[in-house]
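S.K.: My questions concern the predicted model and sequence given below.
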Amino acid sequence: MKIVWTRAALSDLDLVLAYAAEHYPSSLDGVRRRIGAVVERVARWPESARMVEERSGVRVVPLIRYPYRIFYRVGEDAVEILHLHHAAHDETD
């Protein structure tokens, strides 16, 4: 399924990558690869992640190795990436 990133999600992605580049430069490539792998999985199996109770139609998937979650919505023709959040933040942010 096609992946579409919202402006907010792209902004989040820029912040995550900039933070990793500044504080953990040796992990930057790993963070990029992991985000890409998770987004690829979401594209293949969009219904595989759990639903967020507080946000109708929104699903969340963790990056596992890194403390971030990707929030997305499944549409008819595309998966819309809504936000990337640090796992310590509330899911309804």
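M.R.: Received, thanks.
S.K.: Now do the SS call for the most centrally placed residue in the chain.
M.R.: Nearest to the geometric centre of the chain sits Ile70, at 2.3 Å (Cα atoms, centre = their mean). At Ile70 the chain is in strand, as set by DSSP: H, G, I helix; E, B strand; the rest coil.
S.K.: Grab the nearest non-local neighbour of it.
M.R.: Leaving aside its chain neighbours, Ile70 sits nearest to Val61 (5.2 Å; criterion: Cβ to Cβ, 6 or more residues apart in numbering). Every residue, glycine included, has its C-beta placed from N, CA and C.
S.K.: ok, residues contacting the helix or strand hosting the one you found?
M.R.: Here Val61 sits within strand 58-62, counting by DSSP states H and E. Contacts to strand 58-62, defined as Cβ atoms under 8 Å, 6 or more residues apart in numbering, come from residues 38, 41-42, 46-52, 68-74, 82, 87, 91.
S.K.: Buried residues, that strand. List them.
M.R.: Across strand 58-62, burial judged by 16 or more other Cβ atoms under 10 Å covers 58-61.
S.K.: Paired strands for whatever helix or strand Ile3 lives in, with orientation please.
M.R.: Ile3 is part of strand 2-5 when elements are defined by DSSP H and E. Using DSSP bridges, the strands paired with strand 2-5 in its sheet are strand 78-86 (parallel).
S.K.: quick one on the thing from earlier: and the contacts of strand 58-62, which of them are in strands?
M.R.: Per DSSP state E, strands hold the following members of these: 50-51, 68-74, 82.
S.K.: Turn the buried ones among those residues into a named ChimeraX selection, would you?
M.R.: Buried subset of the ones in strands among the contacts of strand 58-62, written as a ChimeraX selection, criterion 16+ other Cβ under 10 Å:
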select :68,69,70,71,72,73,82
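S.K.: and the ones in strands among the contacts of strand 58-62 as TSV, adding pLDDT and distance to Ala21?
M.R.: Below are the ones in strands among the contacts of strand 58-62 laid out as TSV (pLDDT from 0 to 100; distance: Cβ to Cβ, whole Å):
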residue	pLDDT	distance to Ala21
Arg50	95	30
Met51	96	33
Tyr68	94	15
Arg69	96	20
Ile70	97	19
Phe71	97	23
Tyr72	98	24
Arg73	97	28
Val74	97	31
Leu82	98	23
